[in-house]
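Quick one, what's the 3D model for this:
(one chain, ligands or ions: 1)
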Amino acid sequence: MFRFLYSDIINWTAQFVTRTIESTTPERTEAPEPETPLERLEASVPGVLDFRGRKRTKSRGKSKGNRKWDKFDAITWHQTAVYFEDPETCLNMPVHAVIMPDGRVVLLHNPTTIMWHAHALNRKSIGIEIACMAEGIEGNNNTRNIPRKINPLTGKNWTKAEWLRKKPTMEATDAQIASALALARYYAELTEENEGSIAYQHTHRQGHSSRTADPGSRIFQKIVEPSSAELKHTIRYNWKRKSGNPIPKKWSDKAKARYNWRYD
Ligand SMILES: [Zn+2]
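Alright, predicted model coming up:
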């Protein structure tokens, strides 16, 4: 009887100790390590909205053809020059991805889809838009890209001053900058996985004369230069295609070109 009690006590004690250890050990609830480029992107930005399979309602948002993974070699950066917070606004944008002001990434098309986003740079690059109204040279709102639009009250175009009053400058947010770096990483990994490779990062400015301020000095300095350094992509500072303009020295000490005839 004595022995019976003794062994029971040992058993109870053992069970109690086991239960106590179990109840004080934190449960393993961490997500598994992301394995694909998309999973890694999702893990590093506030959200990914995947519109790639959705039907477009305007022709500008539709594919302009397909290319193989080894037929493009660059990322081209843009600013939208209009401000919006609803991701649905992106549906018909002729570009591969848009980064929202809160840092969410909207994927619109695969890199193998040709989109008309950057004039002379379309065929060989992936286009990324940062949703903002950035200045061509940060701190100078005269270097904003001002759209032409009729003022319904006067029947005339809004003047530049009216525009700047109505739509104050909205530079890229810190969340957009962080997501842009993650998105460039995603495209680099995805392209490599499919036996292509990205060698360059361009700006829309380099592809057309009408895009002097696209994407602007802040995006160039906070996104294009750091991302290129990280991913070992080349920025061709003194290069342009067709009517485009090279990177201006107002954006980087490594550049030689003027911003335009007005703002050196
Ligand atoms: Zn652009």
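
got the residue ranges for the helices in this protein?
Ranges of helices in the chain, per DSSP state H, are 2-24, 37-44, 160-166, 174-193, 217-219, 225-231.

hmm, stretch 92-101 touching the ion?
No - judged by Cβ under 5 Å from the ion, stretch 92-101 stays clear of the ion, getting no closer than 8.0 Å. To be clear about C-beta, it is placed using only N, CA and C from the backbone, and glycine gets the same treatment.

Pull the residues that contact that stretch.
With Cβ atoms under 8 Å, 6 or more residues apart in numbering as the test, stretch 92-101 has contacts from 56-58, 60-61, 64, 78, 80, 83, 85, 87, 90, 105-111, 113, 115-117, 126-132, 170, 173, 175-176, 179-180, 183.

one step back: go through the helices of the chain and find the least confident stretch.
Ranked by mean pLDDT, these bottom out at helix 2-24, with a mean of 61.

Excluding covalently adjacent residues, which one is nearest to the residue most central in space within the chain?
In the chain, the residue lying closest to the centroid (Cα atoms, centre = their mean) is residue 180, at 3.6 Å. Of all residues not flanking residue 180 in the chain, residue 223 sits nearest, at 4.5 Å (Cβ to Cβ, 6 or more residues apart in numbering).

surely residue 45 meets residue 102?
No - in this structure residue 45 lies outside contact range of residue 102 using Cβ atoms under 8 Å: 9.9 Å.

And stretch 218-226, what's buried?
218, 219, 220, 222, 223, 224, 225 (16 or more other Cβ atoms under 10 Å).

Output those in CSV; the columns should cover distance to the ion.
Output for those, formatted as CSV (distance: Cβ to the ion, whole Å):
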residue, distance to the ion
218, 15
219, 11
220, 13
222, 17
223, 14
224, 13
225, 18
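
Now the residue nearest to residue 79 when sequence neighbours are not counted, what are its backbone angles?
Once flanking residues are discounted, residue 79 sits nearest to residue 215: 4.1 Å by Cβ to Cβ, 6+ apart. When read as degrees, to the nearest 10, the backbone of residue 215 gives phi -100, psi 0.

Tell me who's in contact with the residue nearest to residue 180.
77, 130, 172, 177, 180, 181, 184, 215.

how about the residue of the stretch 101-250 of the chain found nearest the ion, what does it touch?
Ranked by Cβ to the ion, the top residue of the stretch 101-250 of the chain for proximity to the ion is residue 204, at 3.3 Å. Going by Cβ under 8 Å, 6+ apart, residue 204 touches 76, 77, 78, 117, 118, 119, 121, 211, 214, 215.

Keep only the contacts of stretch 92-101 that also lie close to the ion.
Residues of those in contact with the ion (Cβ under 5 Å from the ion): residue 78.

is it true that residue 51 touches residue 108?
Yes - contact criterion Cβ under 8 Å: residue 51 and residue 108 qualify, at 5.3 Å.

Between these two, which has more neighbouring residues?
Per other Cβ atoms under 10 Å, whichever of residue 51 and residue 108 has more neighbours is residue 108, with 25 against 19.

dump the residue contacts of that one.
51, 52, 61, 90, 91, 93, 95, 96, 97, 98, 115 are the contacts of residue 108 under Cβ under 8 Å, 6+ apart.

are any of those buried, and which?
Among those, the ones that count as buried by 16+ other Cβ under 10 Å are 51, 61, 90, 91, 93, 95, 96, 97, 98, 115.
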